[in-house]
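**Student:** What would the 3D arrangement of this be:
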Amino acid sequence: MLEKITSRHVKLRTERSAELAAACDITQNSLTIEFFDLPMNRVFARSVLFGTEIGAKSSAELLPRLMVTACREHGIPASAVKSVGIAADVHVAEYLAAELSASDLYLSPDTEIYFPPFISMGISGRFTASLTTIPDEKFTAADFGKTLCIAEKRGEELVCAAFPLTGAFDGSGLESGMPAEDGAIETVRRDEKTLVYEVINDADCLGICPCGASMAVDLMRKEGIVDADGIMYDRDLFFIGEDYYISQADVRTIQSDKARTASALSLFGSENGIFLSGEPFSSPDGLKALISLGAVPERFSRAAFARNSVLRGIENCLKSPEIREQAEKIARNARDITEEILLEYDEKYLNNLNF
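**Tutor:** Predicted coordinates for the structure are as follows:
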């Protein structure tokens, strides 16, 4: 994982109103703030910090710092931020709810702070927020990160499960890994005999994101650089450019997580909509690579996907009381079936390890 604290600030509009909502998504290796213009119903700007491991205490320090920096970079006065929504792992969200106030964020004391409700100790408000973006019909949804969260609507029942991953699909388990932000290698392909890669926004390269890493390992598999057991032939590193590479350890991380996701997703299925979210889907080629590697079943090839549905869900909750009630209903009525299917999942895992 990239171990240099880095921040990016992007202003998407030149005009804004005086009423903004700040949607904050905190993962184990990134912190994102997206400013949503409530009257204009559009995203105004976003800021992200990555390159360090983020826990409960560190998030309480980093979030105010990023909020101040972001408001300064985007020209947003504290009085314009009317509400803040924060989604994070359960222990992080609970810590912040107890320790963090609007004043700590250098915002007006009357600014509302909202935390999407969590479904269980293993399924946080991040996934609840994500689920509010899905139409209320039969569906299968999954969010790929340091944890794979899956939900399925079965009639009136919503069942969920969560399985830990090793960091291939959020970038934290890759030696040169980073989120899909400016400077990340996002796509890797072979053009005749030349290895071609693309960096997000043509910025100076900082590392490789999960989408690019998945494409690289899929290419290595097809060209015989990696065998079916995940062993690299004749070399220890597969270089992408001069400074960034896929290592044998990276291959093992992707191999393990592809077996975990394949095993988990095989236990779910929907006749209707399939929705996927997470860093591997920053490019349409990411889904193709995961299907080719066997991490995602072929029947998911027509899935709707997004890099981050969590931010959209937080924004929906901040602008709509009805969506907020929907989030409460999801968290209250969803049933976590992880323990019920864990044995079957474990049995499938070993069978899915080979490429």
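**Student:** Just give me the neighbour total for residue 193.
**Tutor:** As a burial measure, residue 193 scores 5 neighbours (other CB atoms under 10 Å). C-beta here means a position set from N, CA and C on the backbone, and glycine is covered the same way.
**Student:** Kindly report the same for residue 46.
**Tutor:** Other residues near residue 46 come to 21 when the count uses other CB under 10 Å.
**Student:** what about it, helix or strand, and which?
**Tutor:** strand 42-50 (DSSP states H and E).
**Student:** repeat for residue 23
**Tutor:** strand 20-26.
**Student:** Please state the offset of that strand from the chain centre?
**Tutor:** Between the mean C-alpha point of strand 20-26 and the mean C-alpha point of its chain there is a distance of 15 Å (CA atoms, centre = their mean, to the nearest Å).
**Student:** Show me the beta-bridge partners of residue 25.
**Tutor:** When bridges are taken as DSSP bridges, the partners of residue 25 come out as residue 32, residue 87.
**Student:** which residue ranges form the helices in the stretch 151-300 of the chain?
**Tutor:** In the stretch 151-300 of the chain, the segments counted as helices under DSSP state H, counting those that start in this stretch are 210-222, 248-265, 284-293.
**Student:** in stretch 142-155, what's buried?
**Tutor:** Neighbour-count burial for stretch 142-155, with 16 or more other CB atoms under 10 Å as criterion, is recorded at 142, 143, 144, 145, 146, 147, 148, 149, 150, 151, 152, 153.
**Student:** In contact with the first one, which residues are there?
**Tutor:** Contact analysis of residue 142 by CB atoms under 8 Å, 6 or more residues apart in numbering lists 148, 149, 150, 151, 261, 264, 265, 268, 275, 276, 277, 278.
**Student:** Quick one: those residues as CSV, columns for distance to residue 207 too.
**Tutor:** As requested, these are arranged in CSV below (distance: CB to CB, whole Å):
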residue, distance to residue 207
148, 22
149, 25
150, 28
151, 31
261, 22
264, 27
265, 27
268, 32
275, 28
276, 23
277, 21
278, 17
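**Student:** so which of the buried residues of stretch 142-155 would you say is closest to residue 78?
**Tutor:** Proximity to residue 78 was ranked across these by CB to CB; first place goes to residue 145, at 30.7 Å.
**Student:** residues touching the spatially closest residue to the closest one that is not a sequence neighbour, list them.
**Tutor:** The spatial neighbour of residue 145 that comes closest, neighbours along the chain excluded (CB to CB, 6 or more residues apart in numbering), is residue 170 at 4.6 Å. Shown in contact with residue 170 (CB under 8 Å, 6+ apart): 27, 28, 29, 30, 144, 145, 146, 177, 179, 210, 278, 279.
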